[in-house]
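[1] Kindly return the folded structure for what I paste below:
(one chain, ligands or ions: 2)
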Amino acid sequence: MKRAIATVCLSGTLPDKLEAAAAAGFEAVEMFENDLLTFDGTPREAGRLCTDLGLEVALFQPFRDFEAMETAQRARNLDRAERKFDTMQALGAELLLVCSNTQAATLDDPSRAAADLREMAERAGVRGLRVGYEALAWGRHINRWRQAWDIVRQADHPALGLILDSFHTLCLGDDLAALSDSVPAEKLFFLQLADAPRLSMDALSWSRHFRSFPGQGELPVADFLRDVLAAGYTGPISLEVFNDEFRAAPARRIARDGLRSLVWLAEQAGIAALPALPQLRGIEFIEFAVDEPTRAALGAFLVPLGFVRAGVHRSKQVELWRSGDANIVLNAEPDSAASERFEQHGPSACAMALRVDDAARAALRAEALLCSVWQERVGEGERAIPAVRAPDGTLVYLVEEGGRAIWEDDFHLEPQAAPSLGITGIDHVAQALAPGFLESFSLFYRAVFGLEPEALFELPDPYGLVRSRAFTGGKGAVRLPLNVSESGRTGTGRFVSALAGAGVHHIAFAVADAAAAVDAAGPDALLDIPPNYYEDIASRFPLDDDAIAALRARHLLFDSAEQGVEFRHAYTDAFRDRFFFEICERRGGYAGFGAANAGVRMAAQRRGALSGATPRAHARHTDGRTATEVNTP
Ligand SMILES: O=C(O)c1ccc(O)c(O)c1
Ligand SMILES: [Mg+2]
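    Ligands and ions are numbered 1, 2, ... in the order given. Below is the predicted model:
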């Protein structure tokens, strides 16, 4: 089955778009008329460009406002069609998309529409061309595929068929029920696919600005594809996405995301197999790129959370820091992926390791989904751990559970002090993304690791809104909230600009008892929360005075989904106004992230940043000792 992409999906000039589509591996394109109009060359030259790149022009579009007009306009429209047929023949495109008429002047007369389309198809057929009719969701009289099909059936011309577009059907809450009973396979001329987030707005604005690739949104596109294939469709599967961010992003990245979405969708629709999804067991470690001074500072910053240096790498300038069962790797090795990251971005998380059932199979799946798989050079006797590159270049290591822990192979482990905070592991890792990366990351985590999107939250930072959607998998073993802010002044926005890119913004450690953990960390380790917050908590939740007092005394934030399903959490200040840490306790299967508290947290962190205060957790150990000394009894 041919895979195609509409030129409108991609940024740049027509040659940029075509090169990106070909480089990603598409076999065909839909030529948008506007991309041809602005191309500095003839349609024949555009066609040759496609041929040279190995791309078929599977469709030319759109042809608008054609059918069911008054008589005078009808003649002009047919002339207009003839001119476009000339263009198509020069271009080497055989199929024209006619979208349903949106003009106020169009007649509500399906017979007229059928007669007009029949005449157009007759003229196309003479030239060996074909016409496909698509119902736009905002068409004046025709906005459902069933109406479009009634007209195509009535027109009854071999050069006229139906074009299906998942967005136009799914955005209206419609589906393809009865498609295979009503439409013969040879009348299905073309298939366009797009996903979108569920938004409540008019269909036209939604379609023109917020479409996304399958798997990046919330519409049941895989079901849609399955229904079209069940009806016997064998033509190209083509992506048609109008998206403000995609238009501005590098064409090659977007084209690759597009093909990744089709590879994944083929699996979802049951027409192709990929190596099975990994079983996710948790987050084994987070790795930070540091240099020597930053390593000491970050180590010291982690001490109040119970972290101690637990090991030193056998051959590299890498340390393992550990609190309970949570692992943080501080990598200062010159000439490594981490040092490259440090040079470009300063202190930042450069890798995350997921515990999986089968690392080799997970890597094969990632490769099948067009991800680059990376392998750091290893020393004698050290473990080779494959890593997949996330869309921002961060490495996602694949660590197999069972057998010897990687730490035993690669590190000289040091005897540890007893864990003082009761940290049981990494609860979640939140990433701040530059605008335009949310769709890329969503598809990456969903397709490669099977993480599923949770509800979307809008979090009020004092200086702008932050949009947040968490991806979770392995029954809560892996939780990754993704945050995006259009404003450069929010915590998320400042982090993204400081980092010149996306990255891990905070790491939450799971504890069994948040109150005990805060007590163990000490009164200054965690962020102050204003008293107003606790007045509000008292009004929102059925907590008694003692429970409120216990939260307030420890600056713990609280959330509850229902009786007994509760979340208690607390944050550090940000390390150098960059990333920060959280401890959290889940009770009764609480599955969220305390989104309602994010605004309070962001305001408190902003106060800290504006007052120029030394990060609290850091301040405890500015007594002249280095992080290593602090850890050495
Ligand atoms: O937004 C539009 O006008 C438009 C045009 C052509 C299409 O195929 C489509 O799905 C939408
Ligand atoms: Mg369309």
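[2] SS state for the residue nearest to Asn327 when sequence neighbours are not counted?
    The shortest distance from Asn327 to any non-neighbouring residue, by C-beta to C-beta, 6 or more residues apart in numbering, is to Phe285 (3.8 Å). (Glycine included, C-beta is placed from N, CA and C.) Of the three states, Phe285 takes strand according to DSSP: H, G, I helix; E, B strand; the rest coil.
[3] Next one, pLDDT for Phe285 please.
    Looking at Phe285, its pLDDT is 96.
[4] That one contacts Leu354, correct?
    No - counting by C-beta atoms under 8 Å, Phe285 does not reach Leu354; the two are 9.7 Å apart.
[5] Which one of the two is surrounded by more residues?
    Higher neighbour count among Phe285 and Leu354: Leu354, with 25 against 21, using other C-beta atoms under 10 Å.
[6] now do the same end-to-end measure for stretch 515-526.
    Stretch 515-526 stretches 12 Å from its first residue to its last (C-alpha to C-alpha, to the nearest Å).
[7] Can you tell me what sits against it?
    Residues from elsewhere that reach stretch 515-526 (C-beta atoms under 8 Å, 6 or more residues apart in numbering): 304-306, 420-423, 511, 550, 554-556, 568, 570-572, 583, 585, 616-617, 619-620.
[8] Buried among these? Need that as a selection in ChimeraX.
    The following ChimeraX line selects those of the contacts of stretch 515-526 that are buried, judged by 16 or more other C-beta atoms under 10 Å:
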select :304,305,306,420,421,422,423,511,550,554,555,556,568,570,571,572,583,585,616,617,619,620
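[9] Which single residue in the stretch 301-450 of the chain comes nearest to ligand 1?
    Residue nearest to ligand 1 within the stretch 301-450 of the chain: Glu439 (18.3 Å; C-beta to the nearest ligand atom).
[10] how close does that residue get to Asp257?
    7 Å (C-beta to C-beta, to the nearest Å).
[11] Leu59 is in contact with Glu33, correct?
    No - using C-beta under 8 Å as the test, Glu33 is too far from Leu59 to be in contact (11.0 Å).
[12] Show me which of these two is the more surrounded one.
    Set side by side, Glu33 and Leu59 show more neighbours around Leu59, with 29 against 17, by other C-beta under 10 Å.
[13] So the more buried one lies in a strand, does it not?
    Yes - using three-state DSSP, the assignment for Leu59 is a strand.
[14] For Phe285 and Leu354, list the residues in contact with both.
    Residues touching both Phe285 and Leu354 by C-beta under 8 Å, 6+ apart: 397, 399.
[15] mind checking which helix or strand Leu456 is in?
    Using DSSP states H and E, Leu456 sits in strand 452-461.
[16] After that strand, which helix or strand is next?
    Immediately after strand 452-461, counting by DSSP H and E, sits strand 464-473.
[17] Give the next helix or strand downstream of that following strand.
    strand 478-484.
[18] on that earlier part again, can you work out which residues contact both of Glu439 and Asp257?
    Contacts common to Glu439 and Asp257, judged by C-beta under 8 Å, 6+ apart, are 213, 216.
[19] I'd say Glu218 and Pro453 touch.
    Yes - with contact defined as C-beta under 8 Å, Glu218 counts as touching Pro453 (7.4 Å).
[20] who's more crowded, the two?
    Set Glu218 next to Pro453 and count neighbours by other C-beta under 10 Å: Pro453 wins out with 18 against 14.
[21] pLDDT on the host helix or strand of Ile426, on average?
    If you go by DSSP H and E, Ile426 is part of strand 423-433. When pLDDT is averaged over strand 423-433, the result is 96.
[22] partners of that strand in the sheet?
    Here strand 423-433 is paired, per DSSP bridges, with strand 478-484 (parallel), strand 503-511 (antiparallel).
[23] is it possible to export those strands to JSON lines including mean pLDDT?
    Shown next, in JSON lines, are the strands paired with strand 423-433 (pLDDT from 0 to 100):
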{"stretch": "strand 478-484", "mean pLDDT": "96"}
{"stretch": "strand 503-511", "mean pLDDT": "95"}
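[24] so which of the ones you listed gets nearest Thr490?
    Ranking the strands paired with strand 423-433 by proximity to Thr490 (C-beta to C-beta) places strand 478-484 first, at 9.0 Å.
[25] So what touches that closest one?
    Under C-beta under 8 Å, 6+ apart, the answer for strand 478-484 is 280, 282-283, 354, 427-435, 437-438, 441-442, 445, 449, 451, 459, 466-472, 492, 505, 593.
[26] Report the distance from it to the chain centre.
    Chain-centre distance of strand 478-484: 10 Å, with C-alpha atoms, centre = their mean, to the nearest Å.
[27] Direction-wise, compare it with strand 464-473 and give the angle.
    Relative orientation of strand 478-484 and strand 464-473, computed by axes from the mean of the first three to the mean of the last three C-alpha atoms, to 10 degrees: 160 degrees.
[28] What's the first helix or strand after strand 478-484?
    Next along from strand 478-484, by DSSP H and E: helix 491-499.
[29] by contact count, what packs against that following helix?
    strand 423-433, strand 464-473, strand 503-511, helix 598-610 (3 or more C-beta pairs under 8 Å, 6 or more residues apart in numbering; DSSP states H and E).
[30] So what touches the longest one?
    With contact meaning C-beta under 8 Å, 6+ apart, helix 598-610 is reached by 457, 459-463, 466, 468, 490-491, 527-530, 533, 557, 571, 573-574, 577, 580, 615-616.
[31] Same question for the second one.
    With contacts defined as C-beta under 8 Å, 6+ apart, strand 464-473 is touched by 280, 428, 430, 438, 442, 445-446, 449-460, 478-487, 489-493, 591, 593, 595, 598, 602.
[32] returning to what we had before: can you tell me which of the helices and strands packed on helix 491-499 is packed in deepest?
    Ranked by mean neighbour count, these are led by strand 503-511 with a mean of 25 (mean count of other C-beta atoms under 10 Å).
[33] Tell me the residues of the stretch 101-250 of the chain that contact ligand 2?
    Residues of the stretch 101-250 of the chain lying close to ligand 2 by C-beta under 5 Å from the ion are 165, 192, 240.
[34] Just those: which are in helices?
    Among these, none falls in helices (DSSP state H).
[35] Now which of the contacts of helix 598-610 would you call buried?
    457, 459, 461, 463, 466, 468, 490-491, 527, 529, 533, 557, 571, 573-574, 577, 580, 615-616.
[36] residues near Arg377, how many?
    Using other C-beta under 10 Å, Arg377 has 11 other residues around it.
[37] Going forward, count from 38.
    Happy to do that; since the first residue is 38 now, the last one works out to Arg414.
[38] Can you confirm whether stretch 127-136 lies near ligand 1?
    Yes - judged by C-beta under 6 Å from any ligand atom, stretch 127-136 comes into contact with ligand 1 at 134, 136.
[39] now the helices and strands packed on helix 528-536 as JSON lines including distance to Pro52?
    Shown next, in JSON lines, are those (distance: least, C-beta to C-beta, whole Å):
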{"stretch": "strand 460-470", "distance to Pro52": "29"}
{"stretch": "strand 501-510", "distance to Pro52": "34"}
{"stretch": "strand 540-548", "distance to Pro52": "33"}
{"stretch": "helix 635-647", "distance to Pro52": "44"}
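[40] so which of those gets nearest ligand 2?
    Among the helices and strands packed on helix 528-536, the nearest to ligand 2 by C-beta to the ion is strand 501-510 (26.0 Å).
[41] circling back to that earlier point, among the residues of the stretch 138-287 of the chain next to ligand 2, which are within reach of ligand 1?
    When contact is defined as C-beta under 6 Å from any ligand atom, these meet ligand 1 at 202, 229, 277.
[42] Contacts only, for the last one.
    When you say that, I think you mean Glu277. Residues in contact with Glu277 (C-beta under 8 Å, 6+ apart) are 43, 45-46, 67, 202, 204, 229-231, 248.
[43] At the geometric centre of the protein, which residue sits there?
    Among the residues of the chain, the one closest to the centroid is Ser479, at 2.1 Å (C-alpha atoms, centre = their mean).
[44] Distance-wise, check that one relative to Tyr500.
    Distance of Ser479 to Tyr500, given as C-beta to C-beta: 25 Å.
[45] how about the closest residue to Phe474 other than its chain neighbours, phi and psi?
    In space, and not counting its chain neighbours, Phe474 is closest to Ala539: 5.3 Å by C-beta to C-beta, 6+ apart. Torsion angles at Ala539 (phi, psi; degrees, to the nearest 10) stand at phi -90, psi 160.
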